[in-house]
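Q: how would this look folded up:
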Amino acid sequence: MLHPSTAVMPNCGIMDSKKVLVTRGTGFVGSAIVRRLAEKYPNCLITVVDLNPPRPQQDLQERVQFVQVDVTDADKVDEAMDLIKPDIVLHTAGIIPPLADRFRRRLEEVVWAVNVKGTENVLTAAQKVGARAFVYTSSCCVTTDDMRFQYANISEEWPRTSTSLIYGESKAAAETLVLRASNDHTATCSLRPSVLFGPGDCQLLPSIHACIAKKETPFVIGDGFNLWDVTHVDNVADAHVLAAENLTTSQTAAGEAFFVQNEEPITFRDFCLAIWAHFGHVPPWEIHVPKRLAYFAGLICELATWATGSSTTLSRGSVQDACAVRYASGEKAKSILKYQPRVDLKTGIRLSCEEYADRIGVKLPRTPFTPKPQARRL
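A: Numbers count the residues shown, from 1 in each chain. Alright, predicted model coming up:
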């Protein structure tokens, strides 16, 4: 696969001279979209709307303007939208609860305020100024946060979650608003990326890397064979640009939702092993912790934190998460959006590890370590 910095995307002119607004454009996904837009359409006018100004290392290009807005403030959103009058809106703004709160409802009010009400504010304002296209960054969690099921190669026909975690509930509610709003004046669609990784990742790769120092790498919950999807952030950026192109031309994506992933399902264990190997670490042995035992331990941790008022990483929910099967079909995105992941999994992991090592000041070994053929398994 091509390295994302050298891959050539043909400039077909569809969005040249168009005004494009990207909410949360200084964030992980938003900044990747801004980069891709600037590369493919050097003549489009990009505005980043975000609560947080760009960090020094982001250094937005001169032709990318920044407007500081809180999406939960409807009046401010209206003012910004009226000032910019975008042709296309790419709405990535949202809040993901930290891992310790993923399986709790402590942050429900703020999650709904940002993910649902914030989306409604941006969508309504976009319609008022006549935006032609609105692409919403949803999540696979609109389906997979329903912890009662396993999700093997699911399609978009699988129903949105009804019994779930607050994040999936909020994204499902916002996605419903967006898709129902699609019309001849403002065409909308929704993208559902799986778990994201890539340069700039502040959640997934750092937490996996931290297991080395905590000496947690030998422990495997369950059999370790459950497959899940991960998506490189540059591939998600590509999907957003393709969706915007579609909504401003054929509109065959209007009113539709699309799963977006690397289309290379992998076990969580193998994903972790690949990352650790880039940092020169291979677990010397493995201990498989039965799911039932881990589930009981999670319950004990929950009771302990309830009594002390602290937070826990291990919970019944995190155990279910670790053992879940969660991967989707990419056929719909391929057929309608013409989406193909350009950064393959192996390349994406390498690039992510190189960027994270540079970020934390660690030098990677020249060649990643590989497990011994007969690794001891307990």
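
Q: Give me the most central residue, the protein.
A: With the centre of the chain defined as its mean C-alpha position, the nearest residue by CA atoms, centre = their mean is Leu196, 4.2 Å away.

Q: tell me the phi and psi of that one?
A: Dihedral angles of Leu196 (phi, psi; degrees, to the nearest 10) stand at phi -100, psi 150.

Q: Show me what it bridges to in the sheet.
A: Note on Leu196: beta-bridge partners by DSSP bridges are Thr231.

Q: got the end-to-end distance for stretch 40-50?
A: 22 Å (CA to CA, to the nearest Å).

Q: Now that stretch: average pLDDT?
A: The average pLDDT within stretch 40-50 is 94.

Q: And the residue nearest to the centre of the chain, how far from Ala187?
A: Using CB to CB, to the nearest Å, Leu196 is found at 25 Å from Ala187. Quick note: C-beta positions are derived from backbone N, CA and C, even for glycine.

Q: pLDDT on stretch 247-262, on average?
A: Mean per-residue pLDDT for stretch 247-262: 97.

Q: tell me which residues of that stretch are tucked away?
A: 247-248, 251, 253-262 (16 or more other CB atoms under 10 Å).

Q: possible to save those residues as TSV with distance to Leu345 and secondary structure?
A: Output for the buried residues of stretch 247-262, formatted as TSV (distance: CB to CB, whole Å; DSSP: H, G, I helix; E, B strand; the rest coil):
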residue	distance to Leu345	secondary structure
Leu247	29	helix
Thr248	31	coil
Gln251	32	coil
Ala253	25	coil
Ala254	31	coil
Gly255	31	coil
Glu256	26	strand
Ala257	23	strand
Phe258	19	strand
Phe259	16	strand
Val260	14	strand
Gln261	10	coil
Asn262	5	coil
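
Q: now the strands for the stretch 51-200 of the chain?
A: With strands called from DSSP state E, counting those that start in this stretch, the stretch 51-200 of the chain shows them at 64-68, 88-91, 133-137, 151-154, 187-193, 195-197.

Q: Would you mind putting those strands into TSV with mean pLDDT and distance to Thr347 alongside?
A: Output for the strands of the stretch 51-200 of the chain, formatted as TSV (pLDDT from 0 to 100; distance: least, CB to CB, whole Å):
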stretch	mean pLDDT	distance to Thr347
strand 64-68	93	27
strand 88-91	98	25
strand 133-137	98	23
strand 151-154	95	23
strand 187-193	98	18
strand 195-197	95	12
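
Q: quick one, which of those is nearest to Pro97?
A: Closest of these to Pro97 is strand 195-197, at 14.2 Å (criterion: CB to CB).

Q: what sits against the residue nearest to the centre of the chain?
A: Shown in contact with Leu196 (CB atoms under 8 Å, 6 or more residues apart in numbering): 28-29, 204, 230-233, 236.

Q: can we see that at 7 Å?
A: 28-29, 231, 233, 236 (CB atoms under 7 Å, 6 or more residues apart in numbering).

Q: Same question for Phe197.
A: Per CB under 7 Å, 6+ apart, neighbours of Phe197: 204-205, 230, 232, 348, 352.

Q: most neighbours, which of these?
A: When neighbours are taken as other CB atoms under 10 Å, the top entry among the contacts of Phe197 is His232 (29 neighbours).

Q: ok, for it, nearest residue in space, not its chain neighbours?
A: Spatial nearest neighbour of His232, excluding adjacent residues (CB to CB, 6 or more residues apart in numbering): Gly348 at 3.8 Å.

Q: State the helix or strand in which that neighbour lies.
A: In this assignment (DSSP states H and E), Gly348 forms part of helix 345-360.

Q: what helices or strands is that helix leaning on?
A: helix 204-213, helix 268-278 (3 or more CB pairs under 7 Å, 6 or more residues apart in numbering; DSSP states H and E).

Q: Buried deepest among the ones you listed, which one?
A: helix 268-278 (a mean of 20; mean count of other CB atoms under 10 Å).

Q: what angle separates that helix from helix 345-360?
A: 50 degrees (axes from the mean of the first three to the mean of the last three CA atoms, to 10 degrees).

Q: can you give me the offset of helix 268-278 from its chain's centre?
A: In terms of CA atoms, centre = their mean, to the nearest Å, the centre of helix 268-278 is found 19 Å from the chain centre.

Q: Please report how far Gly27 lies from Ala237.
A: 12 Å.

Q: More neighbours: which of these two?
A: Taking other CB under 10 Å, Gly27 and Ala237 do not tie; Ala237 has more neighbours (27 against 23).

Q: pretty sure the more buried one is touching Val34, no?
A: No - counting by CB atoms under 7 Å, Ala237 stays clear of Val34, with 8.4 Å between them.

Q: burial count for the closest residue to Val236 other than its chain neighbours?
A: Nearest residue to Val236, sequence neighbours excluded (CB to CB, 6+ apart): Pro193, at 4.7 Å. Neighbour count for Pro193, taken as other CB under 10 Å: 25.

Q: Pro193 and Val260 touch, don't they?
A: Yes - applying CB under 7 Å, one finds Pro193 in contact with Val260, separated by 4.6 Å.

Q: Need the residues touching each of these two.
A: With CB under 7 Å, 6+ apart as the test, Pro193 and Val260 both reach 231, 236.

Q: can you pull up the bridge partners for the nearest residue to Gly25 once chain neighbours are set aside?
A: Leaving out its chain neighbours, the residue that sits closest to Gly25 by CB to CB, 6+ apart is Val48, at 3.1 Å. Judged by DSSP bridges, the bridge partners of Val48 are Val22, Phe66.
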